[in-house]
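Engineer: With the sequence up front, the predicted model follows.
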Amino acid sequence: MSILSKPYFNDEKAAFAELEALLWPNGPVCPHCEGKERIYTLDGVKNKKGEVRLGLKKCGHCRKQFTVRVKTLFESSHIPLHKWFQAVHLMCSSKKGISAHQLHRTLEITYKSAWFMAHRIREAMRTGGLAPIGGHGKPVEIDETFIGKKDGAVKHPNARGYAHKQAVFALVERGGEVRTFHIDKANVENIKPIVDANIRKESALMTDEAAYYGPIGAEFKYHLTVNHSAGEYVRGGVHTNTLEGYFSIFKRGMKGVYQHCSEKHLHRYLAEFDFRYNNRIAKGVNDEARAEKTMFNIKGKRLKYQGFSEKEIA
């Protein structure tokens, strides 16, 4: 049976019940005062349009009304909750992502709503405050890549290098997770603080021959390099091919699906690709579990845009 045949993808009442089961496994909790004991369900209450307000509850402590949407990414959204479930599943199950235009056609909502919806879901995919990786004999690869063009940047016809492009720095523990960061420029000043905060010093660090990795690698137990400029990509167990594989998925998605991304939104696209990679089938996480994990992360996150232009959502 297809996962999309489940009731919460097509029925609004079932969608509310599913979200409540995910976010309130031990019963309703008031998002205003966190009260639990005196929560009352208000059945049959209608809004000004005469529509029944599904999932409406009232807290006996603070006397405020709420639904499971309050203080989540879904708060104040006019899009039906069952369509949010569909969108989360589509974004979590599409290896290279799904464009806002495709969401707009599939869900039968406006393009602006689909664009905003996708960014809200990416916000739920973001993680932070993670413990350092590596150590205990686990190699960590670090590398950088460049994509798109910086906002307002113009490349001179005879210029060389990537100064006009957006820089992405990444690190991955072999067999483990990947973490990516949007940086202004690939240099020691921007990369070292990220490495210091995210990789244990007893790790075996794998890099290419870029000069700025020298002083960074000197602080690690092992620093092993391959010389890409000389055509060397693998030397025994020394390589950065794990990251190269990740970058290939990321770039295929960004160029083939999303096509354009402004600098101020790049960190959310990176979070999306990181999330799918870190919760992949090879790690025992299927599409349904990945979508469910995204739903757990909607609490306490709001993303508001007012008066955004067509150029902004291009």
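Structural biologist: In hand now; what should we look at?
Engineer: From here on, just use CA atoms for contacts and neighbour counts.
Structural biologist: OK.
Engineer: any residues touching the lengthiest helix in the chain, and which ones?
Structural biologist: Within the chain, and with DSSP state H defining each element, the longest helix by residue count is helix 111-125. Residues outside helix 111-125 that contact it (Cα atoms under 8 Å, 6 or more residues apart in numbering): 73, 84, 87-88, 91, 100-101, 103-104, 268-269, 271-272, 275, 294-295, 297-298, 301-303, 313.
Engineer: next helix or strand past that helix?
Structural biologist: strand 140-147 (DSSP states H and E).
Engineer: If we go by neighbour counts, what in that next one is buried?
Structural biologist: Neighbour counts over strand 140-147 (16 or more other Cα atoms under 10 Å) mark 140-147 as buried.
Engineer: Stretch 202-213 now?
Structural biologist: Buried residues in stretch 202-213 (16+ other Cα under 10 Å): 202-208, 210, 213.
Engineer: go on, stretch 34-42?
Structural biologist: By 16+ other Cα under 10 Å, the buried positions in stretch 34-42 come out as 39, 41.
Engineer: neighbours around the closest residue to Lys299 other than its chain neighbours, how many?
Structural biologist: Distances taken as Cα to Cα, 6 or more residues apart in numbering put Thr72 closest to Lys299, at 4.4 Å, once the chain neighbours are dropped. Per other Cα atoms under 10 Å, the neighbour tally for Thr72 reads 20.
Engineer: Okay, now the unreliable bits of this protein?
Structural biologist: For the chain, the stretches with pLDDT under 70 are 1-3, 153-160, 304-314.
Engineer: All the strands of it, residue numbers only.
Structural biologist: Applying DSSP state E to the chain gives strands spanning 39-41, 57-59, 65-66, 140-147, 166-173, 178-183, 204-207, 222-225.
Engineer: Any chance of these in a markdown table with distance to Gly237 as columns?
Structural biologist: Shown next, in a markdown table, are those (distance: least, Cα to Cα, whole Å):
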| stretch | distance to Gly237 |
| --- | --- |
| strand 39-41 | 58 |
| strand 57-59 | 58 |
| strand 65-66 | 55 |
| strand 140-147 | 11 |
| strand 166-173 | 14 |
| strand 178-183 | 19 |
| strand 204-207 | 10 |
| strand 222-225 | 10 |
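Engineer: So for Tyr8, what's the nearest residue that isn't a sequence neighbour?
Structural biologist: Here the residue nearest Tyr8, using Cα to Cα, 6+ apart, is Ala15, at 4.1 Å.
Engineer: number of nearby residues for that neighbour?
Structural biologist: Neighbour count for Ala15, taken as other Cα under 10 Å: 23.
Engineer: Stretch 252-262: which residues count as buried?
Structural biologist: For stretch 252-262, by 16+ other Cα under 10 Å, it's 253-254, 257-258, 261-262.
Engineer: which residues touch Pro7?
Structural biologist: 14-15.
Engineer: what's the distance between it and Asn47?
Structural biologist: 24 Å (Cα to Cα, to the nearest Å).
Engineer: same question, Ser262
Structural biologist: 39 Å.
Engineer: and if you look at Gln65?
Structural biologist: Going from Gln65 to Asn47 by Cα to Cα gives 13 Å.
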